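K.L.:
sequence isn't available, so here's the structure alone:
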């Protein structure tokens, strides 16, 4: 389960992407997370998924 707090969510997701997953699709599939919802929640903080970096970065 992913945290509800947006700042903590950003940290956890980026750490998991760095350490465990090749891409966002793999992370969402494994954790049964809705990718669209995850991206929307992090977009509210001003972050977007950068495929080439495999992490969420500031817009």
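P.N.:
In hand now; what should we look at? Here the structure is a predicted model, which means the values were calculated and not measured.
K.L.:
pick out the residue nearest the middle of this structure.
P.N.:
residue 13 (4.2 Å; CA atoms, centre = their mean).
K.L.:
that one and residue 27 touch, don't they?
P.N.:
Yes: shown here, residue 13 and residue 27 form a contact pair, counting by CB atoms under 8 Å, at 7.0 Å. To be clear about C-beta, it is placed using only N, CA and C from the backbone, and glycine gets the same treatment.
K.L.:
I'd like the next helix or strand past the lengthiest helix in the chain.
P.N.:
As assigned by DSSP state H, the longest helix anywhere in the chain is helix 6-19. With elements assigned by DSSP states H and E, the helix or strand that comes after helix 6-19 is helix 24-31.
K.L.:
ok, and what's touching that following helix?
P.N.:
Applying CB atoms under 8 Å, 6 or more residues apart in numbering, the external contacts of helix 24-31 come out as 1-2, 13, 16-17, 20-21, 33-35, 38, 49, 51, 54.
K.L.:
angle of it against helix 6-19?
P.N.:
110 degrees (axes from the mean of the first three to the mean of the last three CA atoms, to 10 degrees).
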